[in-house]
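> sequence and predicted structure, then a few things I'm wondering about:
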Amino acid sequence: MGDLLGPDFPADIGLAVSGGGDSMAMLTLAHNWTRAWGVRLWVVTVDHRLRPESADEAAMVARECAALGWPQATLRWHWDGTGNKMDAARRGRLELIGAWRGALRHVLMAHTRDDVAETFLMRLARGSGVEGLSAMAAMRRVRPLVERATPADYDGALPPRPVAPEDAAARDGFDILRPCLDMKRAELRHYLRSLKGTWVEDPSNDDPGYDRVRMRRLLALLEDEGLGADSLAATAGRMARARQALAARARAVWHEIGHEGSDPVTGAGTGDILFDRDGFAATERDTQLRLLAAALQFISGAEYRPRAAPLGSLLDRLLGGGGGTLHGVEARVLRDRLHLFREYEAVRDLSSDPANGLWDGRWRVEAAEDAAGLTIRALGDAGWAQLPGRPAGTAFAAARPLPALWHGDRLLSCPPLGFGAARATLCPTGRPGLTLSAFLDSH
């Protein structure tokens with residue numbers, strides 16, 4: 001904890017506890033640490049309600065926290081039955097914790113060295129490169145794509161809500177801290193047993209239908225061949241260092257050949273990415289792929305970078321003078337530059353109330369106080385036709401996906417183009433002021 005947050009620790013810190021052995025051990029460790037350093041714990045448990053026992057497990061965590069004297073809240077997740085269940089649960093867990101945390105800037109999670117090794121094998125099986133095989137970071141920023149003051153369905157205590165100006169950073173995201181990454185699962189269980197602690201075993205941990213369970217069993221077999229958790233985690237750590245070096249190279253090239261788009265009249269950011277065509281072509285392929293992937297994520301607000309095969313195919317088309325769409329982004333080759341912008345089809349039917357604050361997960365919209373009956377949706381063909389004189393220098397295709405304020409079919413404003421009175425600030429991945437250079441650092 002000293003390496004992650006010291007020497008000046010926050011007054012309050014969050015702790016995610018599921019009731020399993022790893023997180024219950026971390027609760028006990030954090031309990032002892034916070035007493036020594038005067039830090040207040042706020043414990044959160046997410047009940048995914050995917051098993052009949054989950055409510056009882058959350059209640060067990062609540063009892064243990066009450067015995068230790070720490071406030072605890074149980075958040076209940078509702079799965080809509082669509083998509084990959086485990087991935088949806090992970091996303092839902094982060095969203096709920098983001099709504100619960102209030103002004104807390106840090107939330108502890110009990111990932112271990114075994115988790116690093118299991119993840120390495122899972123991604124190796126998928127053919128991942130340096131990015132995928134890199135060890136999970138001890139500190140990772142989570143940037144919210146959905147703004148919500150409190151979780152919708154919870155029991156228990158909520159941390160303090162952001163109120164002061166200095167709490168603004170807390171509203172723009174939080175850091176996941178993983179202080180147990182250098183510990184093995186067996187060490188944490190031994191610690192709990194020595195203290196006669198309580199935990200529950202999730203039966204899904206023995207279900208071979210899950211990739212992680214199969215990799216956990218495989219690790220036990222690989223241990224005898226010198227490919228156990230320690231060895232694989234060490235390799236993942238070296239991959240993480242290599243990733244940092246490659247990211248530094250990508251940032252340097254970005255500053256030489258790239259820039260973020262802006263309206264030539266207003267100077268407002270449009271969310272586009274442009275590369276010098278010759279400079280991009282002269283760059284080594286790994287950096288080309290890294291810059292292209294970062295640009296696609298940056299523009300679309302997607303959580304994950306695109307898969308290797310379609311990403312490589314798009315790069316080949318761009319280098320050959322063609323274009324294409326991927327990840328909700330359109331890429332075009334012009335005479336002297338590559339131009340990447342939001343794909344209109346990805347936002348054509350997206351509409352939201354201005355009071356929601358975010359549109360397309362990237363734009364924070366500040367509209368007039370009396371916004372009843374107004375909507376935020378893409379400029380589109382209809383909005384372009386209503387712009388006086390059409391903004392010079394702004395490509396039609398790149399303008400269509402920009403956010404605009406509408407009253408019925410009447411265009412009131414398109415802030416990035418300087419039309420109308422409403423104001424909007426570009427928020428890539430939901431955070432104001434995030435540049436592609438900073439994005440390369442964090443992804």
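That came through fine.
> all the strands of the stretch 101-250 of the chain, in order from the start?
Using DSSP state E, counting those that start in this stretch, the strands assigned to the stretch 101-250 of the chain run over residues 106-108, 139-142, 154-156, 174-177.
> which of those comes out lowest on mean pLDDT?
For the strands of the stretch 101-250 of the chain, mean pLDDT drops lowest on strand 139-142, to a mean of 88.
> show residues contacting that one.
The contact list for strand 139-142 (CB atoms under 8 Å, 6 or more residues apart in numbering) reads Leu4, Leu94, Gly98, Gly173, Phe174, Asp175, Ile176, Leu177, Arg178, Ser442. Quick note: C-beta positions are derived from backbone N, CA and C, even for glycine.
> okay, buried residues for it please.
Neighbour-count burial for strand 139-142 flags Arg141, Val142 (criterion: 16 or more other CB atoms under 10 Å).
> convert that strand to PDB, retaining C-alpha atoms only.
In PDB, the C-alpha atoms belonging to strand 139-142 read as follows (Å, rounded to 0.1, in the frame of the first residue of the first chain):
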ATOM      1  CA  MET A 139      -3.100   0.400 -10.300                       C
ATOM      2  CA  ARG A 140      -5.600   0.900 -13.100                       C
ATOM      3  CA  ARG A 141      -7.800   3.900 -13.800                       C
ATOM      4  CA  VAL A 142     -11.500   3.200 -14.500                       C
END
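> ranking the strands of the stretch 101-250 of the chain by burial, who's on top?
strand 106-108 (a mean of 23; mean count of other CB atoms under 10 Å).
> next secondary structure after the host helix or strand of Leu338?
Using DSSP states H and E, Leu338 falls within strand 337-342. Sequence order places helix 344-347 as the next helix or strand after strand 337-342, per DSSP H and E.
> dump the residue contacts of Ala331.
Leu314, Leu318, Gly323, Gly324, Thr325, Leu338, His339, Leu340.
> what is the distance between the strand holding Leu338 and the centre of its chain?
With CA atoms, centre = their mean, to the nearest Å as the basis, strand 337-342 stands 23 Å off its chain's centre.
> C-alpha coordinates for that strand, CSV please?
C-alpha atoms of strand 337-342 as CSV (Å, rounded to 0.1, in the frame of the first residue of the first chain):
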residue,chain,number,x,y,z
ARG,A,337,-3.1,12.4,-44.3
LEU,A,338,-5.1,9.6,-42.8
HIS,A,339,-8.4,10.8,-41.3
LEU,A,340,-10.3,8.8,-38.7
PHE,A,341,-13.6,9.8,-37.3
ARG,A,342,-16.8,8.3,-35.7
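> most neighbours among the contacts of Ala331, which one?
Counting neighbours by other CB atoms under 10 Å, the top entry in these is Leu340, with 28 neighbours.
> bridging residues for it?
Ile273, Ala331 (DSSP bridges).
> isn't it up against Leu296?
Yes. Counting by CB atoms under 8 Å, Leu296 is a contact partner of Leu340 at 7.2 Å.
> can you list residues touching both of the two?
Here Leu340 and Leu296 share the contacting residues Val329, scored by CB under 8 Å, 6+ apart.
> can I get the contacts of Ala331 in JSON lines including pLDDT and distance to Pro52?
Shown next, in JSON lines, are the contacts of Ala331 (pLDDT from 0 to 100; distance: CB to CB, whole Å):
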{"residue": "Leu314", "pLDDT": "97", "distance to Pro52": "46"}
{"residue": "Leu318", "pLDDT": "97", "distance to Pro52": "52"}
{"residue": "Gly323", "pLDDT": "92", "distance to Pro52": "52"}
{"residue": "Gly324", "pLDDT": "95", "distance to Pro52": "48"}
{"residue": "Thr325", "pLDDT": "96", "distance to Pro52": "44"}
{"residue": "Leu338", "pLDDT": "96", "distance to Pro52": "53"}
{"residue": "His339", "pLDDT": "95", "distance to Pro52": "53"}
{"residue": "Leu340", "pLDDT": "96", "distance to Pro52": "48"}
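> using TSV, please lay out these together with distance to Ser352.
Converted to TSV, these look like this (distance: CB to CB, whole Å):
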residue	distance to Ser352
Leu314	29
Leu318	32
Gly323	29
Gly324	28
Thr325	23
Leu338	30
His339	27
Leu340	24
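> give me the residues contacting stretch 178-194.
Residues from elsewhere that reach stretch 178-194 (CB under 8 Å, 6+ apart): 1, 4, 21-22, 24-26, 28-29, 108-116, 135-140, 197-199, 229-230.
> got a quick ChimeraX command for the buried subset of the residues you listed?
Entered in ChimeraX, the line below selects the buried ones among these, by 16+ other CB under 10 Å:
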select :1,21,22,24,25,26,28,29,108,109,110,111,112,113,114,115,116,135,136,138,197,199,229
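> on that earlier part again, among the contacts of strand 139-142, which one lies nearest to Gly209?
Using CB to CB, Leu94 comes nearest to Gly209 of the contacts of strand 139-142, at 23.3 Å.
> who's the closest spatial neighbour of that closest one, skipping the chain neighbours?
Leaving aside its sequence neighbours, Leu94 sits nearest to Val142 (CB to CB, 6 or more residues apart in numbering; 5.8 Å).
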